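Trainee: Just need the structure, nothing else, for what follows:
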Amino acid sequence: MSVVGRTGKALLSTYFVLLVLFLYAPLVVLLVFGFNKGNIPTLPIKAFSTKWYSAAFSDTPLVQALIRSALIALINGLAATLLGVMAAVSLARRHLPLRRMVMTLILLPLVVPYIVLAVGLVVLLHELGITTSLAAVLAGHVVISLPYSVLVILPRLRSLDSSIAEAASDLGASEFKAFVLVTLPLLAPAMVSSFLIAFTVSFDEFAIASFLAPPGSPTYPIYLYAGARTPALLPEVIAMGSVVIGISIALIIAADFTRRWAERRMAAPVVGTVLG
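Mentor: Numbering: from 1, shown residues only. Below is the predicted model:
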């Protein structure tokens with residue numbers, strides 16, 4: 001290996017290590033301070049304790065905010081993935097009028113600042129005579145999650161061999177049955193990825209929720225922002241944040257197993273099940 005090659009490899013390795021430290025050091029710090037017995041998260045830690053975890057789960061508003069965000073994120077993940085599949089199927093057709101315009105409109109929320117979109121949604125709801133609500137928050141989250149779903153599902157759909165669905169049709173399956181029994185299972189890995197991305201986007205979204213969430217029903221990011229500015233709530237917020245990190249890691253592991261299972265299913269013959 002040449003000197004230039006060794007230098008490039010060393011620089012790339014250093015960059016990777018620094019990137020990992022930059023991304024995960026704050027999470028490690030949060031986990032450590034979640035067990036801090038003191039009220040103020042400062043080093044050195046004098047003693048470790050789990051009292052803040054007990055206090056966090058005893059804090060009803062905090063738990064309710066977390067559950068509220070989780071439910072909204074769950075529904076948003078399902079809705080965005082379903083709409084993403086429908087949009088991808090339409091965009092994958094050979095003859096679709098105004099394809100570029102439709103794709104541009106779907107992807108527009110990616111370039112519009114969320115704060116601008118939130119203000120626009122508030123004005124629209126006001127003109128329609130609709131008050132702020134958690135349903136409005138969910139609608140706003142679906143709008144910003146749909147582009148990610150389409151960008152994940154559409155490439156996977158386009159990569160599928162169209163002859164598989166055609167073979168299912170030749171075996172007597174209707175177009176809808178062939179899609180459900182053949183195409184949809186092949187899209188499962190992309191759908192899982194779409195759901196996880198939409199769930200994450202919704203769960204940690206702040207701008208839209210801060211404008212559309214009704215008074216007294218904050219989502220977890222809103223409550224987190226308020227708690228971080230309140231010294232008395234800060235230890236509880238840190239402890240709950242540690243729990244959220246643990247759940248997130250568990251979800252990532254579960255998603256990876258689901259993806260592997262879906263890929264194994266994809267490797268098995270699927271057309272023959274159409275006549276079953």
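Trainee: which secondary structure elements does the longest helix belonging to the chain contact?
Mentor: Taking DSSP state H as the assignment, the helix of the chain that covers the most residues is helix 234-267. Helix 234-267 is packed against helix 3-33, helix 51-58, helix 60-91, helix 184-186, helix 188-203, helix 220-228, with contacts defined by 3 or more Cβ pairs under 8 Å, 6 or more residues apart in numbering; DSSP states H and E. (Each C-beta comes from the backbone N, C-alpha and C, glycine too.)
Trainee: let's go with 6 Å and repeat that
Mentor: For helix 234-267, the packing partners by 3 or more Cβ pairs under 6 Å, 6 or more residues apart in numbering; DSSP states H and E come out as helix 3-33, helix 51-58, helix 188-203.
Trainee: buried residues in the shortest one?
Mentor: Residues of helix 51-58 classed as buried under the neighbour-count rule (16 or more other Cβ atoms under 10 Å) are 52-53, 56.
Trainee: can you give me the angle that helix makes with helix 220-228?
Mentor: Here helix 51-58 runs at an angle of 130 degrees relative to helix 220-228 (axes from the mean of the first three to the mean of the last three Cα atoms, to 10 degrees).
Trainee: Please apply the same query to the longest one.
Mentor: Counting by the same axes, to 10 degrees, helix 3-33 lies at 70 degrees to helix 220-228.
Trainee: Against which helices or strands is helix 3-33 packed?
Mentor: helix 234-267.
Trainee: so where is the stretch 101-250 of the chain shaky, pLDDT-wise?
Mentor: Scanning the stretch 101-250 of the chain for pLDDT under 70 picks out 161-176, 230-233.
Trainee: now do 90
Mentor: 101-117, 119-133, 154-193, 196, 200, 204-206, 210, 213-218, 220-250 (pLDDT under 90).
Trainee: Just the buried positions in the longest helix of the chain, please.
Mentor: In helix 234-267, counting by 16+ other Cβ under 10 Å, buried: 234-242, 244, 255, 258-259, 262.
Trainee: just stretch 214-234 next, same as before
Mentor: For stretch 214-234, by 16+ other Cβ under 10 Å, it's 217-224, 227, 233-234.
Trainee: which one of the residues you listed sits closest to residue 151?
Mentor: residue 221 (23.5 Å; Cβ to Cβ).
Trainee: Quick check: the nearest residue to the closest one once chain neighbours are set aside vs residue 68, distance?
Mentor: In space, and not counting its chain neighbours, residue 221 is closest to residue 206: 4.3 Å by Cβ to Cβ, 6 or more residues apart in numbering. Plainly put, residue 206 is 14 Å away from residue 68 if you go by Cβ to Cβ, to the nearest Å.
Trainee: what about those two, which has more around it?
Mentor: Neighbours were counted for residue 206 and for residue 68 using other Cβ atoms under 10 Å; residue 68 has more, 20 against 16.
Trainee: pLDDT value on the more buried one, please?
Mentor: The model reports residue 68 with a pLDDT of 93.
Trainee: Sounds good, over and out.
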